[in-house]
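> Let me see the structure of the following:
(chains A, B and C)
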Amino acid sequence: MPWTQRHITLDAKPRGFHLVTDEVLDQLPEIADVETGLLHLFIQHTSAGLTLNENASPAVRGDFERHFNEMVPEGQPYYEHTLEGSDDMPAHIKSSLVGHSLSIPIAKGDLALGTWQGIYLCEHRNHGGARTLVATIRGEQQ
Amino acid sequence: MPWTQRHITLDAKPRGFHLVTDEVLDQLPEIADVETGLLHLFIQHTSAGLTLNENASPAVRGDFERHFNEMVPEGQPYYEHTLEGSDDMPAHIKSSLVGHSLSIPIAKGDLALGTWQGIYLCEHRNHGGARTLVATIRGEQQ
Amino acid sequence: MPWTQRHITLDAKPRGFHLVTDEVLDQLPEIADVETGLLHLFIQHTSAGLTLNENASPAVRGDFERHFNEMVPEGQPYYEHTLEGSDDMPAHIKSSLVGHSLSIPIAKGDLALGTWQGIYLCEHRNHGGARTLVATIRGEQQ
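I've put the predicted structure just below:
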């Protein structure tokens, strides 16, 4: 089966960790045609990231945001890259801690996520705006 | 060559970082048939992760556990997701720091790991139980 | 189109985060032949990692180094793996935080990086020497 590769956009979100599984899947109907394969999601930014985590309790996403602000605080005296705002350099570091891409297995036309797994957009800027992903799908057809 | 995709199980392990290269490879004999390809391992959980690191000294795995407990401590006053135990929220964060999947090159029927690299299961719960991975293999046949 | 897989070498670099996009791409002319695909880069070491981040300001790379030294300090009293030098155990941990591989989409013969994204070699040893990557390219031909 041919490769599918397409840019998709996630609407602007406030700083924090956001569950975006549905927002991603609604834009990728081609997954339904794949019997066995992989979805690769790649965010084309350096101050936002992608990860997988719990899809149920919103408190988990809040705790992620609070803990990341503790692990990578704003205003560290050794930051030299400060011109773009105090949220900028921490956003670069946080995004590399979670990473900028996800590879998720596709099985029988659906993502083979665990029961509790969802896709998180990790928005580390105060005003990050819409975010662009490159989605690449390859596999075997049903 | 057709895609291979299969669930494999890792036996229950105590909290900590565990070298599981052999436990994974024993369940994936198909790797031997691949001349050039990639193995994708995906853990279907949100409180355990996968990484690569040193395959020799057990002290490295112990130091990982001790340092992750320092970087992501239990009982932070700002945690709101606390109902499932004090090890739960840190486990979610730690798993996103190491990540939930690995892509490893396959060359001449074997993983193209560096001399010192092994696959780690990062078990962040006190009693996480057995863990399920989805293994996906694609490539060119020998 | 057949898979391409090849070892490439990055010249020895001092401890720190280094922008290596050009050093990598100069060794992978095959990318130009791919219409739609993925590049997988895999570092065969346990004390250096790969990530993507800002390709413009060198201060970003300096801030990464300073902050990683704060998040994963040398000489923690609980480190037991200390025989190979005080930079060794932190290097293992830091490399698993950023990760050992990158998957980057290829579109129309070029990496589909965002405007500000570049490939970083994260060199966590004081004298890490040259580093070996396994590059794997697959996709559809132009």
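> near chain B, which residues of chain A show up?
A:36-38, A:51-54, A:57, A:59-60, A:62-64, A:66-67, A:70-71, A:97-99, A:102-105, A:107, A:112-117, A:120, A:139-140 (CB under 8 Å from any CB of the partner chain). In this view, the C-beta of every residue, glycine as well, is placed from N, C-alpha and C.
> Give me the subset of the residues you listed that also touch chain C.
A:Met71, A:Leu97, A:Gly99, A:Ser103.
> show me what contacts the third one?
By CB atoms under 8 Å, 6 or more residues apart in numbering or on different chains, the residues touching A:Gly99 are A:Gly49, A:Leu50, A:Thr51, B:Gly99, C:Thr51, C:Gly99.
> same thing but 6 Å
Going by CB atoms under 6 Å, 6 or more residues apart in numbering or on different chains, A:Gly99 touches A:Gly49.
> Could you report the distance from it to C:Ser57?
Per CB to CB, to the nearest Å, A:Gly99 is found 21 Å from C:Ser57.
> Near A:Ile31, how many other residues are there?
Residues within reach of A:Ile31, counting by other CB atoms under 10 Å in any protein chain shown, total 19.
> just the ones next to chain C among the residues of chain A next to chain B now: which is nearest C:His92?
Distance to C:His92, by CB to CB, is smallest for A:Leu97 among these, at 16.0 Å.
> quick one: the closest one from A:Ile106, how far?
Distance from A:Leu97 to A:Ile106, by CB to CB: 26 Å.
> Between these two, which is the more surrounded one?
Higher neighbour count among A:Leu97 and A:Ile106: A:Ile106, with 27 against 23, using other CB under 10 Å.
> Can you tell me the SS state at that one?
With DSSP: H, G, I helix; E, B strand; the rest coil as the basis, A:Ile106 sits in strand.
> thinking it is in contact with A:Gly37, fair?
Yes. Assessed by CB atoms under 6 Å, A:Ile106 is found in contact with A:Gly37 at 4.2 Å.
> which neighbours do those two share?
A:Gly139.
> Please point out which parts of the lengthiest helix in chain A sit buried.
The longest helix of chain A (DSSP state H) is helix A:58-71. By neighbour count on 16 or more other CB atoms under 10 Å in any protein chain shown, the buried set for helix A:58-71 is A:Val60, A:Arg61, A:Gly62, A:Asp63, A:Phe64, A:Glu65, A:His67, A:Phe68, A:Asn69, A:Met71.
> and A:Glu80, how many neighbours?
Neighbours of A:Glu80 under the rule other CB under 10 Å: 13.
> Verify the assumption that it is located in a strand.
No. Assessed with three-state DSSP, A:Glu80 is coil; it does not lie in a strand.
> what's stretch A:120-132 in contact with?
Contacts of stretch A:120-132 (CB under 6 Å, 6+ apart): A:7, A:9-13, A:15, A:17-18, A:20, A:44-45, A:47-49, A:51, A:53, A:87, A:91, A:94-95, A:98.
> One more pass at 8 Å, please.
Against stretch A:120-132 from outside (CB under 8 Å, 6+ apart): A:7-20, A:43-45, A:47-53, A:61, A:64, A:68, A:85, A:87-88, A:90-91, A:94-95, A:98, B:96, C:114.
> Show me which of these are buried.
Buried by 16+ other CB under 10 Å: A:10, A:13, A:15-20, A:43-45, A:47-53, A:61, A:64, A:68, A:87-88, A:90-91, A:94-95, A:98, B:96, C:114, out of these.
> So which of those residues belong to strands?
Among the buried ones among the contacts of stretch A:120-132, the ones falling in strands (DSSP state E) are A:10, A:15-19, A:43, A:48-53.
> Serialize the residues you listed to a markdown table and add fields for pLDDT.
Converted to a markdown table, those look like this (pLDDT from 0 to 100):
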| residue | pLDDT |
| --- | --- |
| A:Leu10 | 98 |
| A:Arg15 | 98 |
| A:Gly16 | 98 |
| A:Phe17 | 98 |
| A:His18 | 98 |
| A:Leu19 | 98 |
| A:Ile43 | 98 |
| A:Ala48 | 98 |
| A:Gly49 | 98 |
| A:Leu50 | 98 |
| A:Thr51 | 98 |
| A:Leu52 | 98 |
| A:Asn53 | 98 |
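> And the furthest pair within the residues you listed?
Longest span within these, CB to CB: A:Arg15 and A:Leu52, 19.7 Å.
> Tell me the secondary structure at A:Ala56.
coil.
> Return the residues in contact with the most centrally placed residue in chain A.
When CA atoms, centre = their mean is applied to chain A, the residue found nearest the centroid is A:Leu50 (2.3 Å). Residues in contact with A:Leu50 (CB under 8 Å, 6+ apart) are A:Leu41, A:Ile43, A:Val98, A:Gly99, A:His100, A:Ser101, A:Leu102, A:Ile119, A:Tyr120, A:Leu121, A:Cys122, A:Leu133.
> my read: the fifth one touches C:Leu52, true?
Think A:His100. Yes. Counting by CB atoms under 8 Å, C:Leu52 is a contact partner of A:His100 at 5.0 Å.
> Name the residues contacting each of those two.
Common neighbours of A:His100 and C:Leu52, counting by CB under 8 Å, 6+ apart, are A:Thr46, C:Gln117.
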